[in-house]
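J.: I'd like to go over a predicted model; first the sequence, then the structure.
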Amino acid sequence: MKEILRTNDLVTISFARALLDDAGIANEVFDQHTSAIEGGVWAIQRRVLVLDEDVDEAVEILTQADMDVRRP
């Protein structure tokens, strides 16, 4: 899996996941529990990951939605 988005903005994560789900792209959020445990410091961000074969399509979808994606 490859990371395509990193943020602590829960609305951004929810929107990104909705777009990916609508496109049929499997995705997972990593570090959400660690991020919640560390409190309000915001040192650890949540990451949205997709399968290697879906990276290009996922990046294109999120880029079209004006989201700040990470290009692996």
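T.: Noted; the coordinates are in hand. None of the values given here were measured: they were computed from a predicted structure. Numbering: from 1, shown residues only.
J.: Identify the spatial nearest neighbour of residue 57, chain neighbours not counted.
T.: Leaving aside its chain neighbours, residue 57 sits nearest to residue 25 (6.4 Å; criterion: Cβ to Cβ, 6 or more residues apart in numbering). Bear in mind the C-beta positions are built from the backbone N, C-alpha and C, glycine included.
J.: Other residues contacting the helix or strand containing residue 14?
T.: Secondary structure here is read from DSSP states H and E; on that basis residue 14 sits in helix 10-22. When contacts are taken as Cβ atoms under 8 Å, 6 or more residues apart in numbering, the neighbours of helix 10-22 outside the stretch itself are 5, 7, 26-27, 29, 46, 48, 50, 58, 61-62, 65, 67.
J.: now it: mean pLDDT?
T.: Confidence over helix 10-22 (mean pLDDT, whole number) is 97.
J.: low-confidence ranges in the protein?
T.: Per-residue confidence for the chain (pLDDT under 70) gives these ranges: 33-42, 72.
J.: ranges for the strands of it?
T.: Here the chain has its strands, by DSSP state E, at 2-7, 27-30, 46-50.
J.: any residues touching the shortest one, and which ones?
T.: Under the contact criterion Cβ under 8 Å, 6+ apart, strand 27-30 has outside partners 1, 3, 13, 16-17, 20-21, 46-50, 58.
J.: repeat that with 7 Å
T.: The set of residues that contact strand 27-30 without belonging to it, under Cβ atoms under 7 Å, 6 or more residues apart in numbering, is 1, 13, 17, 20, 46, 47, 48, 49, 50.
J.: The first one and residue 43, how far apart?
T.: By that I understand residue 1. For residue 1, the distance to residue 43 equals 22 Å [Cβ to Cβ, to the nearest Å].
J.: neighbour-wise, which of those two wins?
T.: Using other Cβ atoms under 10 Å as the criterion, residue 1 and residue 43 rank with residue 1 on top: 16 against 10.
J.: With just CA atoms, put stretch 16-26 into CSV.
T.: Provided in CSV are the C-alpha atoms of stretch 16-26 (Å, rounded to 0.1, in the frame of the first residue of the first chain):
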residue,chain,number,x,y,z
ALA,A,16,-11.2,11.7,0.3
ARG,A,17,-12.4,8.3,1.4
ALA,A,18,-15.9,9.0,0.0
LEU,A,19,-14.4,9.9,-3.4
LEU,A,20,-12.2,6.8,-3.4
ASP,A,21,-15.0,4.6,-2.3
ASP,A,22,-17.3,6.0,-5.0
ALA,A,23,-14.5,5.1,-7.6
GLY,A,24,-14.2,1.6,-6.2
ILE,A,25,-10.7,2.1,-4.8
ALA,A,26,-10.0,0.3,-1.6
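J.: Alright, that wraps it up for me.
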